[in-house]
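Chemist: All I have is the shape, not the residue letters:
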């Protein structure tokens, strides 16, 4: 195996440029580690003339990524264009049809079409790799698929959208409102062109669904995720949660239960002293719990040129070394069709609401909760200058349907002003 | 590849029993993930009759691990006996000579003989895998060898002896003396038969030297490690370090410098708010810094039946899946002979000493430090009931040889009582 491995790279944004830089800068190291040289033979991008700070003239140019994917001098098609459909998907399909291995960083494409693409790649005897699609530079796909292969996975959790974690951290540390922190993240270029991908939790949910497929050997099913973004989180919630020893994180959780596969992406409270609670800024974290290994925590940069390119190169090096594993750890055709869990597993909840300052108001709330089968662990009433009294409640472990019944009944008490906030406290 | 992969397991202590349990409990899951069944065909241990809480009667028994290693019905020899030489080494060599792949959890054997064993295995076209030898259940060998293969590694650090971290954590949180915490760890069965393996830093140093070989493509050279245990750490140091925002950890660091390969295992101060500083009890942590990826932190259980068996099974599954990588990431014969660095790279140091309560004592110390080229960042003098005044100094970045000259000159001042404590502050 001393023939060079020849890459065709489609997409020369941040990540693609980063990959070119590594291939150029670390040519000797890569050849030593892989036992063969890694070369780029052809590239494709939207603009040919843009200065990317790296010499591209020695590579063949293709305007059309599909043409790139079919080139006979390309062994591995490296898809770094992004977008769930359109050229990325067309070129990936063309590459597989032309007998190429594929490396991609495209979580949206895989979350929506990963099942079909994996089946196609495996039917063609090719590999489809996506380390860079989840949690940036953290080698979590490899850890889960290979490093923890001896474990039945109990739970996978992750903070996998650095932008959301940045916003929540800035609200916490600098006392910014959600709107201010959002604007700051926007000014720093942290937000996707469509910011709901970030703050709506969609980007992180794309990643979670890929982890879930590997962890449980189930079909990739993005639309089964219970999804809630961070847009409704207030500085008030962050402060009150902090008072009680918690941090608020946009947390993805996948867990196989007797009621089916649970996949949630939502703002959750986690203990401030836990590794997840201590995670600040744009850093990502994935926590894997296995029946033998217990809890493994992986932490690192979730985005950026170097980290994401590092993950792409991990896949490229695997292919160069002859490491070939099914896309999601078991053959795609053998992935099971797990029913989505009808409701999230029981948990303690954080509830915040404004009560009218009337005698008996708290008692009415407690009665509604009690009637729904929800018992109260802790309650705090805060000083209030206005007419309404802010009240915080931490419940004992409760079933979500019970909680939803209680939340639906609260307005009927006539003492709850506005809509109560209910956040899950994840036991980490 | 639907033939079963047949294991011969030598050593049925905690880890070996754990491996048997996983193979039995997760037979279906393993077959699904690996595309073929994983079977145990033969076992060997010191005592045949001991009740290990697991059914062994269906496996062939060998009194002699060398005979086990040579059995024609064994594909993979799983060495879980321990001990750097003796039966473990003899059986590993026999297995390689008989054309078997080898999986081992034996850090001592690999630290001392890994170079020769890897060369032998690779010459025979076999793999020698050791995920379980470093940091228990954390898949760090895979992360470093494969997951970060696109990076030039800047530094690898780790807290990799859970017993030492347990002792230091108990001293910190419960105010125990070193002797008390040691006795407690002993009572809990955390210590090796020869406790200097733990508290002398030797066990952790074995692990560090394996990480260094992978990170830098250098020959495994255990005797090049600069080694210092935790036996001299006092509760006083832990408290004083804490006052200044630091925790004391037995930290291993490997780093390639212009002066050669630095490998150190010693008690260091790290910021209390860093992931390493926040690590409590028996948990392990490895931090890898790569030129592209930045900093990756891996955390998990460093010992115990389940976690260590999980790591063994990761290697077994790789072999079953046809994943074959050189022992240390590049062919063993291509590992380079890096000169050990003559001195540790410059760092800030924590110094604690007792000064005679005489006028001008501090000035004399400052003069000695200054003459050696060491400048002082922070200094604290503590209240003292007795005659001597405890003094803490944090230096600016200093070269270790300069510091050593200063330490040698301090007794000559006539004001320094006893031997000063000097601990490196690692920049993490």
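Modeler: Ah, there it is. Model, not experiment: these values are computed from the prediction. Numbers count the residues shown, from 1 in each chain, chains lettered A, B, ... in the order given.

Chemist: phi, psi of the residue of chain A most remote from its centre?
Modeler: The outermost residue of chain A relative to its centre, with distances by CA atoms, centre = their mean, is residue A:359 at 45.5 Å. The phi and psi torsions at residue A:359 (degrees, to the nearest 10) take the values phi -60, psi 140.

Chemist: show me the contacts for the most centrally placed residue in chain A.
Modeler: Central residue of chain A (CA atoms, centre = their mean): residue A:204, 2.9 Å from the mean position. Counting by CB atoms under 8 Å, 6 or more residues apart in numbering or on different chains, residue A:204 makes contact with A:158-161, A:164, A:250, A:252, A:265. Placement of C-beta: from N, CA and C, glycine included.

Chemist: Helices along the stretch 151-300 of chain A, start to end?
Modeler: Secondary structure of the stretch 151-300 of chain A (DSSP state H, counting those that start in this stretch): helices at A:162-174, A:178-187, A:196-199, A:202-216, A:235-243.

Chemist: Which of those sits closest to residue A:89?
Modeler: Go through the helices of the stretch 151-300 of chain A one by one with CB to CB and the one that ends up closest to residue A:89 is helix A:202-216, at 14.1 Å.

Chemist: near chain B, which residues of the stretch 51-200 of chain A show up?
Modeler: Within the stretch 51-200 of chain A, the positions adjacent to chain B are A:131, A:137-139, A:142-143, A:146-152 by CB under 8 Å from any CB of the partner chain.

Chemist: shaky segments in chain A?
Modeler: Scanning chain A for pLDDT under 70 picks out A:1.

Chemist: Now name the helix or strand holding residue A:138.
Modeler: Using DSSP states H and E, residue A:138 is not contained in any helix or strand.

Chemist: How about residue A:3?
Modeler: Residue-wise, residue A:3 maps onto no helix or strand under DSSP H and E.

Chemist: quick one: it and residue A:38 touch, right?
Modeler: No. At 11.1 Å, residue A:3 and residue A:38 do not qualify as touching, with contact defined as CB atoms under 8 Å.

Chemist: Give me the nearest residue to the residue of the stretch 251-400 of chain A found nearest chain B, chain neighbours excluded.
Modeler: Residue of the stretch 251-400 of chain A nearest chain B, by CB to the nearest CB: residue A:313 (2.7 Å). Computed as CB to CB, 6 or more residues apart in numbering or on different chains, the closest residue to residue A:313 that is not its neighbour in sequence is residue B:150, at 2.7 Å.

Chemist: From what I see, the one you found and residue A:34 are in contact.
Modeler: No. Counting by CB under 8 Å, residue B:150 stays clear of residue A:34, with 10.0 Å between them.

Chemist: Compare the two and say which is more crowded by neighbours.
Modeler: Counted by other CB atoms under 10 Å in any protein chain shown, residue B:150 and residue A:34 do not tie: residue B:150 has more neighbours, with 30 against 24.

Chemist: Relative to residue B:11, how far out is that one?
Modeler: Residue B:150 is 36 Å from residue B:11, where distance means CB to CB, to the nearest Å.

Chemist: ditto for residue A:72
Modeler: Distance from residue A:72 to residue B:11, by CB to CB: 52 Å.

Chemist: before we move on, back to that, so which of the contacts of residue A:204 would you say is closest to residue A:390?
Modeler: The closest of the contacts of residue A:204, once distances to residue A:390 are taken by CB to CB, is residue A:250, at 23.4 Å.

Chemist: Any idea what that closest one is bridged to?
Modeler: residue A:267 (DSSP bridges).

Chemist: What is the burial count for it?
Modeler: So residue A:250, with other CB under 10 Å, has 27 neighbours.

Chemist: That one and residue B:286, how far apart?
Modeler: 27 Å.

Chemist: Then residue A:306?
Modeler: Distance from residue A:306 to residue B:286, by CB to CB: 20 Å.

Chemist: of those two, who's got more company?
Modeler: Shown here are residue A:306 and residue B:286; by other CB under 10 Å, residue B:286 has more neighbours (27 against 22).
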